[in-house]
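**Student:** For reference, the sequence and a predicted model appear below.
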Amino acid sequence: MIVSCVGIGIGAGARIAIGEAYRLVHGPVCVTPSWIELEQVGGEIERFQRALDTACRQLLNIRDQIPPDTPGEISDFLDAHLLMLEDKAISGGVISLIRNKLASAEWALQQHRDALIDIFDQMHDSYLRNRRDDLDHVVTRIQKVLLEQNEPVVSNLRGQIVLAEELSPADVIVLHNQGVMGFVTEYGGPMSHTAILARSLGIPAIVGARGASSCLCHGELLVLDTDNGCVLADCSQSLINHFEDRREFDHQRSVLLRQHRDEPARTADGQHVELLANIELAGDVAAAVANGADGIGLYRTEFLYMNRIDIPDEEEHLAAYSEVIQGMQGLPVVIRTLDLGADKPLPGAHDGSGARNPALGLRAIRLCLKEPELFRPQLRAILRASAIGDVRLMLPMLTNLWEVQQARLMLRRCMRELEKEGIPFNPDIPVGGMIEVPAAALAAPAFAAALDFLSIGTNDLIQYALAIDRVDDEVNYLYDPFHPAVLQLIMQVIQAARAADVPLSMCGEMAGDPRFVPLLLGMGLYSLSMQPAALLDVKQQIRGYKLSTLQAKTSRFFDNLYTADPLNLLTGWND
Ligand code: PEP
Ligand code: MG
């Protein structure tokens, strides 16, 4: 059987996964009002207390099985949930609703949860607001026990392929730590942060595979072929052998590419191309170095906030940045300030992720400027990191020039504080910005004048230009980097950066996709930042081109932008 679905391209060596299916059940439970008789009260309270004990045992069991190298935040997070289970403010309220209102345990718990959530929602302190999500997780766990929808205890997924309705980027980090072989989700798009993270961590994944989890069985052997976007089940031995051979071929190819790691990324006629890495976690630096990155072109720092209940402080930011800087041994590191919101929510905070259109809401620089107390520790940490290496600061999701001015103002305030405290930093730290909103692309000359460097974020630029939610699998088919409007926006940014003599890079997924690399070079973009696993492939590709040929072909393509068939563009670059 083949389940057809959307695949997400994975770099060399991670395109095939073969493993047993592991059905991951999670998500909200549905509780409807239900009542008990007076004589059932004692038994119902006991049932609730037994559910609390079971939920507690489940959490202890998970905590005991956490691999030793898992980040401390994950066990802290479980400890906080355990404390909530013991909290009398939760259990006392539920018991009183069972006793006084004759509500069933499930319904009493639900009502009490809603009352507590109302209180959390009114809190101004972001730390306390974070507790809202924890409360929800804990209540869901107890509800599942009461409703006998017990979740499997997940602790070791080594060699398994997870099947889930949906996974957040935070879930992917946990699955990675548990050694997962691959995953399949019913929802989500290939440009979602979940998919980007999977590529970056080298986890083969298929997203947006509607119906997959209902027709695939827990425990059966699956093959993920991410190149073709397929999940295969019921495979014959000869088919399994075929995929094992392909996996081996990928492995051999990556070994071969690695032998050319130190060769320059230069076209046959001498154009040098800077190849940078995108990273999510400090631990990704090893892959960036192993694949010969010229630096870090995008460090997505919001991943520091995931799978935890508190907010990282300045010292923690600094520790993570120092690890990256040291790992890169003098090469440049572009630290992007928080891009929380949309599909990377800040747990419990008012970051717009609960809004009707979170991608259009309080996200990234908008959130940071609105919540200076969230932004300030990061700015101070980036400044402090600038004293130990070639650090550059990059602002995401710029739309208005005043956002740059306001961010610079806050940065200057942090500089003054550090100066007074006698803490070193680089006063000339380059401040760059992401061009990922069409308004910013159209106003690129103004942004180029106000910033020290620019980087095109095509993932969002395409989402906003074409009015398609990058995480919505229903509109995946409209996600088209070849759309004439997208290409014109990119071209305008290239021209604006060149006119202002401001360095320009691209850090969206398009930059590491071999289908687009020759076109981007032909358009005049000579700095590309991508998931580390794509670097060596792209370098190899660049070395095979003549820039003059790419320019001529690109120019012909642009002359016929609205009528040219982009598929023709995909071939013949080496002629
Ligand atoms: C982008 O939008 O292209 C980008 C690189 O940022 P992110 O994917 O993190 O939104
Ligand atoms: Mg973006």
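**Tutor:** Yep, that arrived. Ligands and ions are numbered 1, 2, ... in the order given.

**Student:** Enumerate the residues of the stretch 301-450 of the chain near ligand 2.
**Tutor:** Residues of the stretch 301-450 of the chain lying near ligand 2 by CB under 5 Å from the ion: E436. Bear in mind the C-beta positions are built from the backbone N, C-alpha and C, glycine included.

**Student:** Quick check, pLDDT for the residue in the stretch 301-450 of the chain that ligand 1 sits nearest to.
**Tutor:** Taking CB to the nearest ligand atom, ligand 1 has its nearest neighbour within the stretch 301-450 of the chain at E436, 4.5 Å off. Listed pLDDT for E436 reads 98.

**Student:** Can you report how many residues lie near G92?
**Tutor:** 11 (other CB atoms under 10 Å).

**Student:** Check for me that it belongs to a strand.
**Tutor:** No. Counting by DSSP: H, G, I helix; E, B strand; the rest coil, one finds G92 to be helix, located in no strand.

**Student:** And it, how far from A103?
**Tutor:** Per CB to CB, to the nearest Å, G92 is found 14 Å from A103.

**Student:** The residue of the stretch 51-200 of the chain found nearest ligand 2 - how many residues pack around it?
**Tutor:** The nearest approach of the stretch 51-200 of the chain to ligand 2 comes at H193, 8.9 Å away (CB to the ion). Per other CB under 10 Å, the neighbour tally for H193 reads 24.

**Student:** Can you pull the residues of the protein lying near ligand 2?
**Tutor:** Going by CB under 5 Å from the ion, the residues of the chain near ligand 2 are 436, 457, 460.

**Student:** ok, the last one - contacts?
**Tutor:** Same thing as D460. 359, 397, 434, 436-437, 470, 508 (CB atoms under 8 Å, 6 or more residues apart in numbering).

**Student:** which one of the residues you listed is nearest D134?
**Tutor:** Distances from D134 to these, taken as CB to CB, are shortest for A359 (25.2 Å).

**Student:** Is that closest one in a helix, a strand, or coil?
**Tutor:** Three-state assignment for A359 (three-state DSSP): helix.

**Student:** hang on, isn't it packed against I468?
**Tutor:** No. A359 is not in contact with I468 according to CB atoms under 8 Å; the separation is 9.9 Å.

**Student:** ok, which stretches of the stretch 101-250 of the chain are helices?
**Tutor:** 105-121, 126-146, 169-177, 193-201, 212-215, 237-259 (DSSP state H, counting those that start in this stretch).

**Student:** which one of those is the most hemmed in?
**Tutor:** helix 193-201 (a mean of 26; mean count of other CB atoms under 10 Å).

**Student:** And the contacts of it?
**Tutor:** Under CB under 8 Å, 6+ apart, the answer for helix 193-201 is 8-11, 167-169, 171-173, 176, 183, 185, 188-189, 204-205, 207, 278-280, 284, 303, 343-344, 459, 471, 509, 531-533.

**Student:** In space, what's closest to P424 - neighbours in sequence excluded?
**Tutor:** The shortest distance from P424 to any non-neighbouring residue, by CB to CB, 6 or more residues apart in numbering, is to A387 (4.0 Å).

**Student:** That neighbour and ligand 2: what is the separation?
**Tutor:** Distance, A387 to ligand 2, by CB to the ion, to the nearest Å: 28 Å.

**Student:** Identify the residues contacting that residue.
**Tutor:** A387 sits in contact with 423-426, where contact means CB under 8 Å, 6+ apart.

**Student:** Which one of these is nearest to D227?
**Tutor:** N426 (43.3 Å).

**Student:** ok but that closest one is inside a helix, no?
**Tutor:** No. Counting by three-state DSSP, N426 is not found in a helix; it is coil.

**Student:** Make sure it is actually in contact with R392.
**Tutor:** No. N426 lies out of contact with R392 (CB under 8 Å); the separation is 9.6 Å.

**Student:** Look at the two and report which has more neighbours.
**Tutor:** Set side by side, N426 and R392 show more neighbours around R392, with 24 against 18, by other CB under 10 Å.

**Student:** Looking at the residue of the stretch 51-200 of the chain closest to ligand 2 now. What's its pLDDT?
**Tutor:** Per the predicted model, pLDDT is 83 at H193.

**Student:** for the residue nearest to it when sequence neighbours are not counted, what are its contacts?
**Tutor:** Counting by CB to CB, 6+ apart, P169 is the residue found nearest to H193 once chain neighbours are left out, at 4.6 Å. Residues near P169 by CB under 8 Å, 6+ apart: 193-194, 197, 280, 303, 306, 343-344.
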